[in-house]
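Colleague: Predicted model, plus sequence, below.
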Amino acid sequence: MIGLFFYLLLWIPLNLLRLIWSDWKIEGRENLPPRPQGMILAVNHLHWSDILVVGASLPLSHRPWWVAKVELFSHPITAWWFRTMHVIPIRRGQRDLAALEAAEEALRQGAVLIMFPEGHRSDTKQLQQGRGGAVRLAVRSGCPIVPVAIWGTEAGFGGIARRSPVRVRFGKPYHPPVDGNKIPFDRMSELTDDMMLRIAALMPEKYWGHYRERMLTETTAQSS
């Protein structure tokens, strides 16, 4: 219960800000699978404020879990707070099996798990090359991936306070097309690119970044 209390202390003021003052709009929330289905929200990452904006853009029925770098858990008090807020620590830059197992178990129990498949904030403010952790977890847990695009947060809460447009768009859930619960080695790159292209398709062209050429090619092919 204390975790829910802390979550509401963030969720309520942020939604009041969204509804009363800011130009912060949410699209596609009807695409979220109903609870208690577990799911992975695969989100692009522009600024640290994305964490709060995405969390506040979810309905209360979809209170999220997170995966965050283990360095945030270095102090006992902050470690307690993050765990209370459903944050799973992970060692970045290496395959942290304990974190993956914890995330998989949370998904099997019905967690709404937010992941940033680029691995870190984008310095260019455009999409970076994705990593396959979200795809691997989706296949192992049997839970769908919901692609999510966020943009307009580049200036953080200063931009939101100045009423700069902020958009959060939820795409349609999907299951990576894999037989069984293991991904063939030669398909990981393809499946990761597919996930990232689904995120790119939700956002304006100027954010396509690493996937710009692929998006332009696919857009041309679809229109011809």
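Modeller: Okay, I see it.

Colleague: C-alpha only now, for contacts and for neighbours.
Modeller: OK.

Colleague: buried stuff in the helix or strand bottoming out on mean pLDDT in the chain?
Modeller: In the chain, no helix or strand scores lower on mean pLDDT, DSSP states H and E than helix 212-223, which sits at a mean of 83. Of the residues in helix 212-223, 212, 215 count as buried by neighbour count, 16 or more other CA atoms under 10 Å.

Colleague: just checking, what packs against that helix?
Modeller: Here helix 212-223 touches no other helix or strand, going by 3 or more CA pairs under 8 Å, 6 or more residues apart in numbering; DSSP states H and E.

Colleague: can you count the residues close to residue 17?
Modeller: Residue 17 is flanked by 15 other residues according to other CA atoms under 10 Å.

Colleague: how far does stretch 77-90 sit from the chain's center?
Modeller: What separates the centre of stretch 77-90 from the centre of its chain is 17 Å, taken as CA atoms, centre = their mean, to the nearest Å.

Colleague: Report the contact partners of the residue nearest the centre of the chain.
Modeller: The chain has residue 43 as the residue nearest its centroid, 3.0 Å off, counting by CA atoms, centre = their mean. Contacts for residue 43 (CA atoms under 8 Å, 6 or more residues apart in numbering) come out as 114, 115, 116, 117, 147, 148, 149, 150, 199.

Colleague: where do the strands sit along the protein?
Modeller: In the chain, strands defined by DSSP state E lie at 24-27, 39-43, 64-69, 87-90, 112-115, 145-151, 166-170, listed in chain order.

Colleague: Other residues contacting the least confident helix or strand of the chain?
Modeller: 197, 200, 201, 205, 208.
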